[in-house]
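Colleague: With the sequence up front, the predicted model follows.
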Amino acid sequence: MIIDYEILKFAWWALVGVLLIGFAITDGMDMGVGTLLPFLGKSDNERRIIINTVGPHWDGNQVWFITAGGAIFAAWPAVYAAAFSGFYLAMLLVLFALFFRPVGFDYRSKIENQGWRNAWDWGLFAGGFIPSLIFGVAFGNLLQGVPFHLDEFLRVTYDAKFLWALLPLLNPFAILAGLVSVAMLAGHGSTWLQMRADEVVAVRARQVGFYAGVATAVLFALAGLWIWAGNFNWFVIVSQPAYDAMPNPLAKEVAREAGALFNIYGNYPIAMLAPAIGILCPLLMALMSKAGKAGFAFLFSALGMTGIIATAGLSMFPFIMPSTTDPRSSLTVWDATSSHLTLTVMFWTAVIFVPIVLAYTIWCYWRMWGRVTMDEIEARSHSAY
């Protein structure tokens, strides 16, 4: 079956969004647990309980991250090249922080020394907190635009010094977006601990879930108000080739207009559901945490993250990586994609395998379900963390 090129371009925009949401719900949960580890675990046993709630499946959740990165590389090669070169130092920082997770999980309990174990606990904290912050900061910068341009050969050149790759990323709005990400993922990790951890840890996680849910909703709303009050000069396509034309970012004309980030909500009012869910569901997650309804807290947390990520994607559409120094070089859903054949092959591969991976993930969770206690850990000491 041959699918129109235009439809495939849009479909891959949606599929990459689904993969990012899947990554946030699964691996984001692990990062949230790591962020909370030194604070919710008051003793070595409690920290072992926290680690064992995610230890058996964290590497499986990491697959969503790898798959999302691979999908961007294959579906949007121009975006992959521009983003990973411009955010190079930030991506390296994320990568080095993630190194702490496999090593920390495997080696923390090898030696019964408190100093050794405390050091790895803070390493696991870094492996959760730093990626959570950097991912949010990256999205905050994409919402403001990135200083790059394309030459006649479509080669990317950044119009800033090398240190732009890390230091100027930490501007006030980007930091606010980073805090939204940290609160969102920490709250999600707390809902997992409410369901899986021993009762003592679960009680503390409920308190964190309440405050994290409120903080997520407030910070997300504040970011929206910041954009609205600041009249962000967002990007608008004035003219471009047909949607099904061969990709060429320099073939379009782009202008900037104050408040254009909100255009989609005026043109398609149903899109308002995304920010509404992004504010309402974290608040419901907070209430469910307070009430001790861990399953509903986890559900509303996942829905809240879906709403927040969807809000960013819908607000930017059709732009993926806008350029502040040469708006014409901005990369969009229509002109940053791979060939028709590549998108077709990848589409049918995703249709077949993404449901299989999702079903396997759910089965793994179902198979190991139950509260983690020290008795249960000691009973399987050969594989416990």
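Modeller: That came through fine.
Colleague: This protein: strands as residue ranges?
Modeller: 148-150, 156-158, 233-239, 253-258, 319-321, 331-332 (DSSP state E).
Colleague: among the ones you listed, which is nearest Ile7?
Modeller: strand 331-332 (15.8 Å; CB to CB). Using the backbone N, CA and C atoms, a C-beta is placed for each residue, glycine as well.
Colleague: Tell me how far that closest one lies from the chain's centre.
Modeller: 20 Å (CA atoms, centre = their mean, to the nearest Å).
Colleague: same question, stretch 140-147
Modeller: Using CA atoms, centre = their mean, the offset of stretch 140-147 from its chain centre is 16 Å.
Colleague: hang on, the earlier thing: and among the strands of the chain, the most buried is which?
Modeller: strand 331-332 (a mean of 26; mean count of other CB atoms under 10 Å).
Colleague: re the thing from before, pipe the strands of the chain into a markdown table and attach mean pLDDT and distance to Ile227 per row.
Modeller: What follows is those, written out as a markdown table (pLDDT from 0 to 100; distance: least, CB to CB, whole Å):
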| stretch | mean pLDDT | distance to Ile227 |
| --- | --- | --- |
| strand 148-150 | 88 | 22 |
| strand 156-158 | 84 | 24 |
| strand 233-239 | 90 | 9 |
| strand 253-258 | 90 | 11 |
| strand 319-321 | 94 | 14 |
| strand 331-332 | 94 | 20 |
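Colleague: So which of these is nearest Ile352?
Modeller: Among the strands of the chain, the nearest to Ile352 by CB to CB is strand 319-321 (25.4 Å).
Colleague: What about Gly209, how many residues nearby?
Modeller: Using other CB atoms under 10 Å, Gly209 has 32 other residues around it.
Colleague: Now for Ala271: which residues touch it?
Modeller: Applying CB atoms under 8 Å, 6 or more residues apart in numbering, we find Ala271 in contact with Ile264, Tyr265, Leu314.
Colleague: Looking at the residues you listed, which is nearest Ala11?
Modeller: Leu314 (15.6 Å).
Colleague: Pull up the gap between the closest one and Ala174, please.
Modeller: Counting by CB to CB, to the nearest Å, the separation of Leu314 from Ala174 is 20 Å.
Colleague: Not counting sequence-adjacent ones, nearest residue to Glu257?
Modeller: Nearest residue to Glu257, sequence neighbours excluded (CB to CB, 6 or more residues apart in numbering): Val236, at 5.1 Å.
Colleague: I figured the one you found hits Leu261, correct?
Modeller: No: in this structure, Val236 is not within contact of Leu261 by CB atoms under 8 Å, at 10.2 Å.
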